[in-house]
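> Sequence and predicted structure below; questions after.
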Amino acid sequence: MTTATQVKTNDSGIRSKAEKGIGKWFGSSTAVKYDQDGIKAIFENTDKPAYIVRAEDGRVGVADSIGTDDKSDLVTAELLTTLPAYLPEQLGDAAFKEAYGLKYNYMTGAMANGIGSADLVIAGSKAGILSSFGAGGMVLNKVEEGIRKIQASVGDGAYAVNLIHSPAEEALERNAAELFMNLGVRVVEASAFMDLTPHIVRYRASGLSKGSDGAVVIKNRVISKISRLEVAEKFLRPAPDFILDGLVSNKLITPEQAELAKLVPMADDIIVEADSGGHTDRRSLVCLLPSIIALRNTVQHELKYKQEVRVGAGGGIGTPESLLAAFAMGAAFAVTGSINQATRESGSSDHVRKILAQADSTDVMMAPAADMFELGVKLQVLKKGSLFGLRAQKLYDAYVDCESLDDIPVKERESMEKTIFKDTLENIWASCVSFFEERDPEQIDRARGNPKRKMALVFRWYLGLSSAWANGGEQGREMDYQIWCGPAMGAFNGWVKGSRLESWEHRHVADVAGELLKGGAYLFRLQYLEMYGIHLHPTYREVKVK
């Protein structure tokens, strides 16, 4: 007699401590499998229920159906538990899908300078996921061109556009927000914000109106990407009165819109950004996500919004295991970034895609950021195959140590001109003047009387162009490519090694998302079995790309 403390085990790799089952299973002999390959195939078919059974000889197997019309083939077994069907679209919070008209609770985050390209956004929208256009860092006419291309292709389909905070170039943020409003962009992904600005508040408030039932109608949605509790709270709460009052005074929103803005949070959704590529605080997702969810719950309890702010997770998600972990911790939706840069639809060059597809999780480093250079803000980049990180840090060290370009020691300056700029600093400054006179003349006015500011613009010339060189595949500048990348890229490469997705040539954003989501749903089913005392051999948890 088998007791509850004894374990029945066999070649199926499935164990159960249950002394008795929950009932009887009967069906065709061909429906039940006792070998690991056959059982795994049943588990992978996540859209159908499965039945964990135990034969009279103690073998534990899995059946993909119950009952049969062929009485001559009828077999019975002890039913240990039933495994429900679980589809990839069931992962996460259904309210997120409903809000944006999606099939999956999955988003591809914005990658600036058009790396999150119009083609990538279009492919994502057609696959039922929310993709964000990387408008940050792009000139305005190119941003408009990309948005119009997306709108023409997706119609009423979902898409988002990135509004990046630009403390050093306030005009960029203002002009981008105005363009989005003029073009009817209904979802922005707000990133790199350290505080609320009039521009993001104006975008939000200008889309508010009162419905026939008196409820607030939100037309302009905001998805805020954050990594700090104090910033998260600003987006969880309504816009502050002093910003709203200023917008009303300048006739940028109506008094009614200002009043309605006091009734809704600044964001519909928050992305908790952990250890991601580009701008990141390299926070731990397992620590940060629960903290932000708890803060959301506190604010919701206090303000009692009709629809609570949803909290998603991004940063470090590159495998089915990490995807499921985010959902298990309470994420309403999952966001991927680095792994999409290596897809065919991204705005990166083939050279960058090739390097990214070879990266390990440790092939990343922090380097000074072009848009927040003077503040000492850093972003995460790929160090494999590029010297950008080291060279950018050298420039920042010189900026800290010197008060002007003339203060840089002669040998160090000559080294910069030869290896980094490949031109004289005087010529680089002339290029900066030509560039900013068209983009933001105020930058030049501020620098002409401020040698330190002038030095910063010259150094930012390199930091800014290094990303463009990477995207355009600039020959001769390969070692200067600035490639934003987080450890998720290496994790993804390890997961797909030996599969059709190992080569970057075969990576497409919708396919990558689909495989991650299928893998997440598969692993969720296995976790369900573990909760019911069905213990599986570790090989069942090896999710393979087909």
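It's in.
> From now on I want contacts and neighbour counts done on CA atoms only, so please keep to that.
Will do.
> Buried residues, stretch 353-365. List them.
Residues of stretch 353-365 classed as buried by neighbour count (16 or more other C-alpha atoms under 10 Å): Arg353, Ile355, Leu356, Ala357, Gln358, Ala359, Asp360, Ser361, Asp363, Val364, Met365.
> any chance of these in CSV, plus secondary structure?
As requested, the buried residues of stretch 353-365 are exported to CSV (DSSP: H, G, I helix; E, B strand; the rest coil):
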residue, secondary structure
Arg353, helix
Ile355, helix
Leu356, helix
Ala357, coil
Gln358, coil
Ala359, coil
Asp360, coil
Ser361, coil
Asp363, coil
Val364, strand
Met365, strand
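> Tabulate the residues you listed in TSV, adding columns for pLDDT and distance to Glu169.
Listed next are these as TSV, based on pLDDT from 0 to 100; distance: C-alpha to C-alpha, whole Å:
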residue	pLDDT	distance to Glu169
Arg353	97	30
Ile355	96	32
Leu356	97	30
Ala357	97	34
Gln358	96	35
Ala359	96	33
Asp360	96	35
Ser361	94	33
Asp363	95	31
Val364	95	28
Met365	95	26
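> and which of these is nearest to Lys262?
Nearest to Lys262 out of those is Met365 (C-alpha to C-alpha; 41.2 Å).
> where do the strands sit along the stretch 101-250 of the chain?
Taking DSSP state E, counting those that start in this stretch as the criterion, the stretch 101-250 of the chain carries its strands at 106-108, 130-133, 160-164, 187-191, 208-210, 216-218, 221-226.
> any chance of these in a markdown table, with distance to Ile428, mean pLDDT and mean neighbour count too?
Listed next are these as a markdown table, based on distance: least, C-alpha to C-alpha, whole Å; pLDDT from 0 to 100; neighbours: other C-alpha atoms under 10 Å:
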| stretch | distance to Ile428 | mean pLDDT | mean neighbour count |
| --- | --- | --- | --- |
| strand 106-108 | 36 | 98 | 27 |
| strand 130-133 | 30 | 98 | 30 |
| strand 160-164 | 26 | 97 | 28 |
| strand 187-191 | 29 | 97 | 24 |
| strand 208-210 | 45 | 96 | 18 |
| strand 216-218 | 46 | 97 | 17 |
| strand 221-226 | 34 | 97 | 26 |
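> returning to what we had before: columns distance to Arg500 on top of the buried residues of stretch 353-365, output as a markdown table?
Output for the buried residues of stretch 353-365, formatted as a markdown table (distance: C-alpha to C-alpha, whole Å):
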| residue | distance to Arg500 |
| --- | --- |
| Arg353 | 15 |
| Ile355 | 17 |
| Leu356 | 16 |
| Ala357 | 12 |
| Gln358 | 14 |
| Ala359 | 17 |
| Asp360 | 18 |
| Ser361 | 20 |
| Asp363 | 23 |
| Val364 | 25 |
| Met365 | 28 |
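> which one of those residues is nearest Asp480?
Using C-alpha to C-alpha, these come closest to Asp480 at Ile355, 13.3 Å.
> Surely Gln393 forms part of a helix?
Yes: assessed by three-state DSSP, Gln393 belongs to a helix.
> what's near enough to touch it?
The neighbours of Gln393, taking C-alpha atoms under 8 Å, 6 or more residues apart in numbering as the test, are Ala367, Pro368.
> Then Glu515?
Val545 are the contacts of Glu515 under C-alpha under 8 Å, 6+ apart.
> Between the two ends of stretch 406-417, how far is it?
13 Å (C-alpha to C-alpha, to the nearest Å).
> buried stuff in that stretch?
Arg413, Glu414, Met416, Glu417.
> circling back: just tell me which of the strands of the stretch 101-250 of the chain ends up closest to Arg507.
strand 106-108 (14.4 Å).
> ok, longest strand in this protein?
When the chain is parsed with DSSP state E, its longest strand is strand 74-83.
> Check which element follows it along the chain.
helix 94-100 (DSSP states H and E).
> helices and strands around that next one, which ones?
Packing contacts for helix 94-100, counted by 3 or more C-alpha pairs under 8 Å, 6 or more residues apart in numbering; DSSP states H and E, involve no helix or strand.
> who touches it?
Residues contacting helix 94-100 (C-alpha under 8 Å, 6+ apart): Leu102, Lys103, Tyr104, Asn105, Leu130, Ala158, Arg310, Ala332, Phe333.
> buried ones in it?
Neighbour-count burial for helix 94-100 [16+ other C-alpha under 10 Å]: Ala94, Phe96, Lys97, Tyr100.
> Distance to His199 for these - can I get that in CSV?
Shown next, in CSV, are the buried residues of helix 94-100 (distance: C-alpha to C-alpha, whole Å):
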residue, distance to His199
Ala94, 30
Phe96, 25
Lys97, 27
Tyr100, 23
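> Just give me the closest of the residues you listed to Glu169.
When the buried residues of helix 94-100 are compared against Glu169 (criterion: C-alpha to C-alpha), the nearest one is Tyr100, at 31.1 Å.
> ok, the closest one to Arg221 distance?
10 Å.
> same question, Ser348
Ser348 is 28 Å from Arg221, by C-alpha to C-alpha.
> cool, Pro441 as well?
Distance from Pro441 to Arg221, by C-alpha to C-alpha: 31 Å.
> do Thr81 as well
44 Å.
> swap in Ala392?
Taking C-alpha to C-alpha, one finds Ala392 at 36 Å from Arg221.
> what pairs with Val381 across the strands?
Under DSSP bridges, the beta-bridge partners of Val381 are Met365, Trp484.
> thinking it is in contact with Leu387, fair?
No: contact between Val381 and Leu387 fails when scored by C-alpha atoms under 8 Å: they sit 10.4 Å apart.
> All good on my end, thank you.
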